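Engineer: Provided below for reference: sequence and predicted model.
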Amino acid sequence: MERDSSALLQKEVNVIQSNLDEMKLESNLQMQQIKMERDQLLKSQNALSDLEMSYSKLMNSNQELQSKLDLDNVTNQKLINNLESELSNYKKSNLDLESNYSKLMN
């Protein structure tokens, strides 16, 4: 009787041990999966950080180029104004010369 009881207990212990071993294996697999997901998340975060840094650099470059373009536009407008003024002066001077020439010819 004790033997049967002892054998039954041993069988139950073996089943429990087997279940524990299976649970440990599942737990280890889950931990590996979690570690892989964490590593992937870290890679994604690093990639996102790199993209944000690149975006920031591009925006800064864009602002610098826009500032230079604005400055060039101001400079070009001043040059256009100066050329228009010179052209106007030449036209006036030409009209004066034509007028004087006409007077001389008459």
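Structural biologist: Received it, and whenever you're ready, just let me know what you need.
Engineer: use CA for all of it now, contacts and neighbours both
Structural biologist: Will do.
Engineer: Just checking the distance from stretch 95-104 to the centre of its chain.
Structural biologist: Averaging C-alpha positions (CA atoms, centre = their mean, to the nearest Å) puts stretch 95-104 67 Å from its chain's average.
Engineer: er, stretch 97-106 actually
Structural biologist: Worked out by CA atoms, centre = their mean, stretch 97-106 lies 70 Å from the chain centre.
Engineer: element containing the most centrally placed residue in the chain, please.
Structural biologist: Closest residue to the average C-alpha location of the chain: Y55 at 2.8 Å, with CA atoms, centre = their mean. Taking DSSP states H and E as the definition, one finds Y55 inside helix 2-105.
Engineer: Low-confidence regions, the protein specifically.
Structural biologist: By pLDDT under 70, the low-scoring segments of the chain are 1.
Engineer: and with 80 instead?
Structural biologist: 1-4, 106 (pLDDT under 80).
Engineer: Now do N106 against S93, distance only.
Structural biologist: 20 Å (CA to CA, to the nearest Å).
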